[in-house]
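> fold the following.
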Amino acid sequence: MNARRLAATAFATVLATTGLVAATATGASASPTGCTYTLDPIPGEHGASSYCSGGTGEHRIFVMEKHFLAEVGYIPIDGPWVPAGQTSYTRIPYHTIVQIRVDVR
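The predicted model follows:
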């Protein structure tokens, strides 16, 4: 009897652990899809935006610039986190753009 009870407890533990791992994987894989970025999307303003057409989760635009004064260095600029289907926008100063990307979570 004790062996059966031990086996049943071990089996239940494995099932519960598998369920937790599956639930965690589902949440982690829920990120936006079809993401693009655009420079200067609004006439008369210097900015950048990102848009993700599908999926769930959030995204934001990220721009890294290098200041024209070498001693200042790099300027990281990011937009707000927004859900897929909405636009993340930020204004950016007129410096050399080093990197543009769409962050997702």
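> residue 68 and residue 74, how far apart?
Going from residue 68 to residue 74 by C-beta to C-beta, to the nearest Å gives 12 Å. Where you see a C-beta, it was placed from the backbone N, CA and C, and this is true even at glycine.
> where in this protein is pLDDT low?
Judged by pLDDT under 70, the chain has its weakly predicted residues at 1-29.
> for the spatially closest residue to residue 76 that is not a sequence neighbour, what is the enclosing helix or strand?
Closest residue to residue 76 apart from its sequence neighbours, by C-beta to C-beta, 6 or more residues apart in numbering: residue 64 at 5.6 Å. Using DSSP states H and E, residue 64 sits within strand 58-66.
> and whichever helix or strand comes after that strand, how far out from the chain middle?
Note on strand 58-66: by DSSP H and E, the next helix or strand toward the C-terminus is strand 74-78. Mean-position distance between strand 74-78 and its chain equals 17 Å (C-alpha atoms, centre = their mean, to the nearest Å).
> what do you get for stretch 65-84?
17 Å.
> now swap in stretch 39-50 and tell me
That offset, for stretch 39-50, works out to 21 Å (C-alpha atoms, centre = their mean).
> how long is it end to end?
Terminal residues of stretch 39-50 lie 9 Å apart, using C-alpha to C-alpha, to the nearest Å.
> and the contacts of that stretch?
If you take C-beta atoms under 8 Å, 6 or more residues apart in numbering as the criterion, stretch 39-50 is touched by 35-38, 59-61, 63, 77, 79, 87-94, 97, 100, 102.
> any of those buried? List them.
35, 37, 59-61, 63, 77, 79, 88-90, 92, 100, 102 (16 or more other C-beta atoms under 10 Å).
> quick one, strands of this protein?
For the chain, strands defined by DSSP state E occupy the ranges 33-39, 47-54, 58-66, 74-78, 82-83, 87-91, 96-104.
> re the thing from before, check contacts around the residue nearest to residue 76.
Taking C-beta under 8 Å, 6+ apart, one finds 74-77, 97-100 in contact with residue 64.
> nearest residue to residue 89 other than its sequence neighbours?
residue 49 (4.3 Å).
> what is the burial count for the one you found?
Neighbourhood size, residue 49 [other C-beta atoms under 10 Å]: 19.
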